[in-house]
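1. predicted model and sequence below, questions to follow.
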Amino acid sequence: MPESSFKDHVRESRTLASRAIISAAVVVILLGTLVLRLAHLQITNHSHFTTLSHENRVKLLPLPPTRGLIYDRNGVILAQNLPTHSLEITPEQVKDIDQTLADLAKIITISEDNLKRFHRLRKQKRRFDRIPIRVRLNEREVARFAVNRHRFPGVDIQARLLRNYPQGESTAHLVGYVARINQQELERIDTSNYAGTSHIGKTGLEKSYEDLLHGTVGMQQVEVNAAGRIIRVLENHPPTPGQDIHLHIDARLQAMATEAFGEKNGAAVAIDPNTGGVLALVSKPGFNPNLFVEGISSAAYSALQQSDDNPLFDRALRGQYPPGSTTKPFVALAGLETGSISFEKELFCPGFYQLPNHEHKYRDWKKHGHGRTDMEKSIVESCDVYYYALAHEMGIDKMSAFLRPFGFGQKSMIDITGELRGLLPSREWKESTRNIAWYPGETLITGIGQGYFLTTPLQLAHATATLATHGVLRTPRVVKQITGATPSDMAMPLQPEPTQLPVIDQKNWDNIIFAMTQVVEGIRGTARHIRTKDYRIAAKTGTAQVFTVKQDEEYDAETVAEKMRDHALFIAFAPVEAPQIAIAVIVEHGGHGGAVAAPIARAIMDHYLLDHKKITPEDQP
Amino acid sequence: MIPRSPPPREFTQSTPAKQQGALAWLHLDLPLISGLVLLCGFGLIVLYSASDQSMAQVERQLIRLGLAFIVMVVMAQVPPQQLRRWSPWLFGAGILMLIAVLIFGHTGKGAQRWLDLGLFRFQPSELMKLAVPMMVAWFLSSARLPPDWRRLLIAALLITVPVLMIAKQPDLGTSLLIASAGIFVLFLAGVRWRLIIGFMALLAALAPALWYLMRDYQRQRVLTFLNPESDPLGAGYHIIQSKIAIGSGGIYGKGWLNGTQSHLDFLPESSTDFIFAVLAEEFGLIGILALLSIYLFIILRGLYIATQAHDSYDRLLGGALTLVVFVYLFVNTGMVTGLLPVVGVPLPLVSYGGTSLVTIMAGFGILMSIHTHRKLLPT
């Protein structure tokens, strides 16, 4: 290479040295920039990135509390948490999902719906999450899987707690049920407390006492990796389980009362007048509340909704029926206490009543009339004409004002949500809601519990209990005791202070109760067939018209279709000397109250006053 | 920076061959090899943590490092004149293999880089990391320096052809490294400043044009670099998590094996391209300063060796190979700290992985050969 001989080695070496020094300087400057950048990240913004790093790895996991249990007065369980078994797959641990599913289907029934649900959930969840393929495995299926378990890595049986109502239909309306939380509820509840909870009380006690039953959520602070898998637990705050609730209700009384209805629909409410405790709260027909817990199928739900028997309707709290003749003792008492009439005064009943200067005949249920009738007879034989006259004499204002404190036309404030207020007609009510003047004729039919007058079975039982205690008004309560709760954390007091209704003369009350006793004990009493030697009953039968008979027609139970037949009503309390139970029974389309409703009340009283006391000590473990 | 006189002791220690026994007999440079051993040792400690305490991974890396050191020792035995004679042949062979890769190459991670030679797979682009600076140095040193414009143009062509071929594979990181190696040779050869400034201006002007030549994923990387928060779960995830790891490390770090970002897998590629973030998280700024000091020492020692060489070829090649190590370092750390866009360049001698390790160590072997063979040359 000839050119190289001309090379100036010294000059080239010098050039390179200077360029190397420049390079070194650039290297140092760039490394300095890098260090500045690192200082910016590691010193200036250190706390910011420390927070981000912490947020990356630490997650809060909610630990849902165990829901409180519901017991009846004797410790019988009405709502419990049962472990159920579900079959769950962890996709990450399964080599061939389709093959595994096919093999599983050979030993456990897996429906098309199950598969669809599984594949849908699989897309939503992460690979290491367990995904249920079947829920509510029965014992045979659990056993069959357990034997074959070695063949299915990544498939597990998981036990979960599921709400269960062992009494089923008979307590369905009373206890209510829980089901999955819906969107509206999400907006209402404290979402942090429900972070791990999937179910919430929807109806009945489960809804009313939701706050106490639910408990307080616990928290687990865990360290997770980038994929969200839990690496370790950093902190653990266990949940506070929900409170257990003990009821005044007697589950066997409840079941027995349900059974006593037979094929008929209706409602029965029994209250202990001394405490206000509700002993039975029956709405027939019931439904199986357990269906709702795991999510009821739409077919089953629409079947329940569209049934003519309307099983989802809580008749005891929401059923509004004309009280019919069961109003008579209260109207009679109103007459006595307002001085409108005396107990002994006799009126003549020709089978109908006419307002002065009016043509219209207000009929008695007995076509040819009761003849000379005093107050006792009017209650015992349920003479309508007597009450037309009394109501006319008293006037709607006095009558309405007297009946209101008994709870008619207003909520009883029972500790279950959803009760309706019924309707106690009054001049103000009619003028304010309908903007029509009150007609005198309406006073008459209000006097026999018809017309606008509507009561719920609960209101009737409550008013009967108030009558039994000579005006001591106790707010009805279903819940007797809450384990562990202090009274101060409760929205509703367990035993509110009773109030005393004004009493003009105790004798008036005694007279009414005496007349009610004669309903059962008198030879012409409308409920004489339920008379018993064991205890004395005070009662009143009633019939509520479902449709109105025209002026010159006659009501004939035989020819009227079942749906159009009158509702049978019955109110009672016993024993008369020291009342322990007050009852209201309504049998829908049952016809006459004494015939259908009275035996149901009698069965309830028998059970509570006789069997109950004898059986309970031996039955209880 | 290198003080011109007197030079610090550590740079001057290695000159007399007889004082150093075995090292001298093996043509090895004590300061350089000390720096390299220190760096590799530090790297293994970080790797143990970054790999989730996988002893197997550390062992595999140790085997690779052992292999790379053997390659370094072998290269140190080859006198620079020999290398100089091989330069055009090596370059030619490299170009042929790049053509072969483009035609028969194996695709790995979406790019065509591998050539299957039966026994093992070979990445010709790695060879070009050495062959390009060798070729350019050979070509320039064969004539008077600084080169005239005709020779400069040919040298530019020698760089551009392989760089474009590798960029087409596509391997942006490697083509960048090779281009910088060639450019360093030109810079060290004394190309006039006017030309350098002109070249930089041209690059700036061409940048928009470059945008249209880039592949979608490369454009995405640039966009992500400009605004990582725009896509926190997608492309920006790497940079965001890496910054969190570094920033949360603070001055003193979270302690060895205590880095949550890497151990809980928030930091991707924690043992390869992003191992620097693991170090920053666990050892803090202190650890980083220690690591950067070792690199600075190695680079300065390499530049010193280049200035001490007796031949233009040796000087140009030695200096360029040293500066390429800095490019590795800066591109990697710049990417991990969010200063530069994400370009797949490993942290030299620390990142887990084999191919570039061998090339880098071969480069250090050449440096040692340059330094230890110069007494044997007639002056």
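-> Thanks, I have the structure now.
2. what helix or strand does the residue of chain B found nearest chain A sit in?
-> Nearest to chain A in chain B, going by C-beta to the nearest C-beta, is residue B:247, at a distance of 2.6 Å. C-beta: built from backbone N, CA, C; applies to glycine. Assessed by DSSP states H and E, residue B:247 sits inside helix B:237-249.
3. please name the residues that touch the nearest residue to residue B:45 once chain neighbours are set aside.
-> Distances taken as C-beta to C-beta, 6 or more residues apart in numbering or on different chains place residue B:256 nearest to residue B:45, at 7.1 Å, with adjacent residues excluded. By C-beta atoms under 8 Å, 6 or more residues apart in numbering or on different chains, the contact set of residue B:256 is B:45, B:49, B:282, B:283.
4. with distance to residue B:77, pLDDT and neighbour count added, can I get these in a markdown table?
-> As requested, those are arranged in a markdown table below (distance: C-beta to C-beta, whole Å; pLDDT from 0 to 100; neighbours: other C-beta atoms under 10 Å in any protein chain shown):
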| residue | distance to residue B:77 | pLDDT | neighbour count |
| --- | --- | --- | --- |
| B:45 | 31 | 94 | 18 |
| B:49 | 36 | 92 | 25 |
| B:282 | 38 | 94 | 25 |
| B:283 | 36 | 95 | 24 |
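5. list just the nearest of the residues you listed to residue A:97.
-> residue B:49 (35.5 Å; C-beta to C-beta).
6. A helix includes the closest one, no?
-> Yes - assessed with DSSP: H, G, I helix; E, B strand; the rest coil, residue B:49 lies in a helix.
7. give me the pLDDT value at the residue nearest to residue B:45.
-> The per-residue pLDDT reported for residue B:256 equals 90.
8. that one falls within a helix, correct?
-> No - counting by three-state DSSP, residue B:256 is not found in a helix; it is coil.
9. got phi/psi on it?
-> When read as degrees, to the nearest 10, the backbone of residue B:256 gives phi -60, psi 130.
10. coming back round to it: what sits against the closest residue to the residue of chain B closest to chain A other than its chain neighbours?
-> Closest residue to residue B:247 apart from its sequence neighbours, by C-beta to C-beta, 6+ apart: residue A:49 at 2.6 Å. By C-beta under 8 Å, 6+ apart, residue A:49 lies in contact with A:41, B:243, B:244, B:246, B:247, B:248.
11. so which of these wins on neighbours?
-> residue B:246 (33 neighbours; other C-beta atoms under 10 Å in any protein chain shown).
12. pull the contacting residues for the residue nearest to that one when sequence neighbours are not counted.
-> Leaving aside its sequence neighbours, residue B:246 sits nearest to residue B:280 (C-beta to C-beta, 6+ apart; 4.1 Å). Counting by C-beta under 8 Å, 6+ apart, residue B:280 touches A:38, A:41, A:42, B:245, B:246, B:249, B:253, B:287, B:288, B:336.
13. surely the first one and residue B:291 touch.
-> No - in this structure, residue A:38 sits apart from residue B:291 without contact. The criterion is C-beta atoms under 8 Å, and the distance is 10.8 Å.
14. in chain A, where's the longest helix?
-> What stands out as the longest helix in chain A, according to DSSP state H, is helix A:9-39.
15. what's the angle from that helix to helix B:237-249?
-> 80 degrees (axes from the mean of the first three to the mean of the last three C-alpha atoms, to 10 degrees).
16. just the mean pLDDT for stretch A:417-426, thanks.
-> Average pLDDT, stretch A:417-426: 91.
17. got the end-to-end distance for that stretch?
-> Taking C-alpha to C-alpha, to the nearest Å, the first and last residues of stretch A:417-426 lie 26 Å apart.
18. repeat for stretch A:214-233
-> End-to-end for stretch A:214-233, by C-alpha to C-alpha: 25 Å.
19. do it and chain B come into contact?
-> Yes - using C-beta under 8 Å from any C-beta of the partner chain, stretch A:214-233 reaches chain B at A:223, A:224, A:225, A:226, A:227, A:231.
20. buried ones in that stretch?
-> Residues of stretch A:214-233 classed as buried by neighbour count (16 or more other C-beta atoms under 10 Å in any protein chain shown): A:214, A:215, A:217, A:218, A:219, A:220, A:222, A:223, A:224, A:229.
21. any chance you could list what contacts that stretch?
-> Residues outside stretch A:214-233 that contact it (C-beta under 8 Å, 6+ apart) are A:56-68, A:126-128, A:192-197, A:200-201, A:234-243, B:260, B:263-266.
22. where strands are concerned, which of those count?
-> If you go by DSSP state E, the contacts of stretch A:214-233 have A:58, A:59, A:60, A:61, A:62, A:63, A:200, A:201, A:234, A:235, A:236, A:237 in strands.
23. narrow those to just the buried residues.
-> Judged by 16+ other C-beta under 10 Å, buried ones among those: A:62, A:200, A:201.
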